[in-house]
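Next input, structure requested:
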Amino acid sequence: MNSTIRIKLSIMMFLEFFIWGAWFVTLGTFLGNNLKASGSETAAIFSTQSWGAIIAPFIVGLIADRYFNAEKILGILHLIGAFLMYQMYQSEEVGLFYTYVLSYMILYMPTLALVNSVSFNQMKDPEKEFASIRVWGTIGWILAGLAISFVFHWDAAAAVSEGLLKNTFLLAGIAAFILGIFSFSLPKTPPKVSDEKIKIGDIIGLDALKLLKDKNFAIFFLSSILICIPLAFYYQNAHPFLTEVGVSNPTGKMAIGQISEALFLLLIPVFFTRFGFKKTILVGMLAWAIRYVLFAYGNGDDLSFMLIIGIALHGICYDFFFVSGQIYTNSKAGEKYRSAAQGLITLATYGVGMLIGFAVAGWITDNYKMVDGAIDWQMVWIIPAGIAFAVFLLFALLFNEKNKVKEIPSAI
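Next up, the predicted model:
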């Protein structure tokens with residue numbers, strides 16, 4: 001890969017995740033303060049991510065992979081996304097905002113697959129080359145959070161009360177417009193030419209359902225759905241919680257989670273080699289329970305270090321479960337069902353699991369709202385901690401690893 005193409009792909013990844021990090025992290029706080037959304041309304045809006053994840057394979061599989069260049073569709077989707085971001089910036093009513101954010105996520109989620117397609121099409125050895133390109137996405141997400149906290153100060157207490165968090169949508173919209181234009185200069189990525197009849201089951205991975213006959217894979221599959229319930233609590237409630245308890249620069253500090261994610265990614269091969277898949281994934285599950293206990297009993301003053309540790313555990317929580325799970329799925333599926341299995345796991349987690357998780361998180365938040373409108377955050381975090389520990393016990397008792405996973409990439 002020549003340096004010009006490498007730079008273009010790195011810029012593409014940077015902008016792709018800068019856009020997401022610029023508005024999604026602070027979304028819960030924005031909804032509660034600017035739009036006065038209830039827990040269930042907030043849950044419905046966060047669930048648009050799941051609907052986008054469910055619909056995305058159809059857009060990519062039925063359109064992008066067969067009829068149009070990936071880079072052109074990427075450009076068009078981000079230009080429309082920029083317009084929708086501007087509409088979200090102007091919205092002052094929850095119902096209308098939901099319409100815009102649902103439309104946006106249906107268009108944005110397919111771009112996650114498209115940027116990968118554009119990248120892989122330029123690589124001779126993706127296992128060695130992709131990580132150095134993908135890391136710019138993580139950097140983009142981190143810098144978006146740092147900019148909101150330390151450059152614009154939109155998440156400061158006074159700024160939040162003035163409603164300045166709506167500016168995050170304007171920031172994301174500008175970045176989306178830039179990426180939309182920039183995408184047309186990316187390397188040509190033509191569609192896959194195929195005369196085969198399109199099968200919906202292939203697109204969403206239904207062929208991989210045969211893997212569920214394996215008891216261990218079925219336990220892993222069920223655990224993957226259940227662990228998304230506590231995951232949804234983090235996405236939906238972490239920023240409002242940190243803001244309410246008085247943590248300064250909460251958006252910038254939540255970027256510690258992405259830094260942690262990048263670092264712990266490097267440790268996965270070590271854990272796989274020394275401890276095997278089961279112990280690695282159990283560490284990830286237990287980390288979810290520990291992080292929420294830290295959130296439940298920490299505060300924004302003398303115990304603020306507990307909240308920072310909880311944020312920093314994101315790398316273990318996410319990488320040790322989800323990335324390890326992708327590697328395990330890859331090894332179990334084999335060549336024949338590899339793509340279908342990954343599609344099925346994505347549908348189960350980011351689709352079904354997160355939908356359930358956001359609904360539960362919204363219901364819990366509403367039911368632990370006190371008379372004065374304040375939220376009993378201790379109970380809001382103790383409950384997902386209990387769920388995560390229950391999933392930990394389920395997996396520890398029922399999953400029986402017979403063979404070690406052989407395929408262990410150095411980085412993903």
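
Any stretches of the protein with poor pLDDT?
Residues of the chain that meet the criterion pLDDT under 70 lie in 60-62, 64-66, 127, 192-207, 334-340, 402-412.

Break it down into its domains, please.
1-186, 204-402 (automatic domain parsing).

I'd like those domains written out as TSV, with mean neighbour count added.
C-beta here means a position set from N, CA and C on the backbone, and glycine is covered the same way. Converted to TSV, the domains of the chain look like this (neighbours: other C-beta atoms under 10 Å):
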stretch	mean neighbour count
domain 1-186	20
domain 204-402	19
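
Give me the three-state assignment for residue 299.
Judged by DSSP: H, G, I helix; E, B strand; the rest coil, the three-state class of residue 299 is coil.

most centrally placed residue in the chain?
By C-alpha atoms, centre = their mean, the mean C-alpha position of the chain lies nearest to residue 350, the distance being 7.9 Å.

nearest spatial neighbour of it, skipping sequence neighbours?
Once flanking residues are discounted, residue 350 sits nearest to residue 53: 4.0 Å by C-beta to C-beta, 6 or more residues apart in numbering.

Figure out the helix or strand that that neighbour lives in.
Counting by DSSP states H and E, the element that carries residue 53 is helix 48-59.

just how off-centre is the helix or strand just after that helix within its chain?
Using DSSP H and E, the helix or strand that follows helix 48-59 towards the C-terminus is helix 70-90. Counting by C-alpha atoms, centre = their mean, to the nearest Å, helix 70-90 is centred 19 Å from the centre of its parent chain.

related to what we said a few turns ago, what's the helix holding residue 53 packed up against?
helix 94-120, helix 200-204, helix 324-346, helix 354-367 (3 or more C-beta pairs under 8 Å, 6 or more residues apart in numbering; DSSP states H and E).

what are the C-alpha coordinates of it, in CSV please?
Extracted C-alpha coordinates of helix 48-59, given in CSV (Å, rounded to 0.1, in the frame of the first residue of the first chain):
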residue,chain,number,x,y,z
THR,A,48,-32.0,3.5,17.1
GLN,A,49,-28.4,2.2,17.1
SER,A,50,-29.7,-1.4,17.3
TRP,A,51,-32.3,-0.8,14.6
GLY,A,52,-29.5,0.6,12.5
ALA,A,53,-27.4,-2.5,13.2
ILE,A,54,-30.3,-4.8,12.2
ILE,A,55,-31.0,-2.9,8.9
ALA,A,56,-27.3,-2.3,8.0
PRO,A,57,-26.6,-5.7,6.5
PHE,A,58,-29.5,-5.3,4.1
ILE,A,59,-28.2,-2.0,2.8
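
got the angle between it and helix 94-120?
50 degrees (axes from the mean of the first three to the mean of the last three C-alpha atoms, to 10 degrees).

chain center to helix 48-59, what's the gap?
The answer for helix 48-59 is 13 Å, by C-alpha atoms, centre = their mean.

do stretch 234-247 as well
On C-alpha atoms, centre = their mean, the centre of stretch 234-247 falls 17 Å from the chain's centre.

and what of stretch 310-330?
12 Å.

who touches stretch 130-144?
Here stretch 130-144 makes contact (C-beta atoms under 8 Å, 6 or more residues apart in numbering) with 6, 9-11, 13-22, 25, 115, 119-120, 123, 171, 255, 258-259, 261-262, 410-412.

Inside helices: which ones of those residues?
Mapping the contacts of stretch 130-144 onto helices (DSSP state H) picks out 6, 9-11, 13-22, 115, 119-120, 171, 255, 258-259, 261-262.

any idea how far residue 176 is from residue 84?
Distance, residue 176 to residue 84, using C-beta to C-beta, to the nearest Å: 9 Å.

what's residue 124 in contact with, if anything?
residue 1.

Check the spacing between it and residue 133 real quick.
When distance is defined by C-beta to C-beta, residue 124 is 13 Å away from residue 133.

before we move on, what about residue 388?
Residue 388 is 32 Å from residue 133, by C-beta to C-beta.

same check, this time on residue 27
27 Å.

And residue 140, by the same measure?
Distance from residue 140 to residue 133, by C-beta to C-beta: 12 Å.

next one: residue 235
Taking C-beta to C-beta, one finds residue 235 at 25 Å from residue 133.

cool, residue 348 as well?
Distance from residue 348 to residue 133, by C-beta to C-beta: 27 Å.

What of residue 103?
Taking C-beta to C-beta, one finds residue 103 at 29 Å from residue 133.

again with residue 248
Relative to residue 133, and taking C-beta to C-beta, residue 248 is found at 34 Å.

same deal with residue 100?
On the measure of C-beta to C-beta, residue 100 and residue 133 end up 31 Å apart.

same thing with residue 240?
Residue 240 is 33 Å from residue 133, by C-beta to C-beta.

Over to residue 306?
Applying C-beta to C-beta to residue 306 and residue 133 gives a distance of 36 Å.

Over to residue 275?
29 Å.

Residue 247 too?
33 Å.

next one: residue 105
Per C-beta to C-beta, residue 105 is found 24 Å from residue 133.

Same question for residue 102.
Applying C-beta to C-beta to residue 102 and residue 133 gives a distance of 30 Å.

same deal with residue 93?
From residue 93 to residue 133 the distance is 40 Å (C-beta to C-beta).

Please apply the same query to residue 54.
27 Å.
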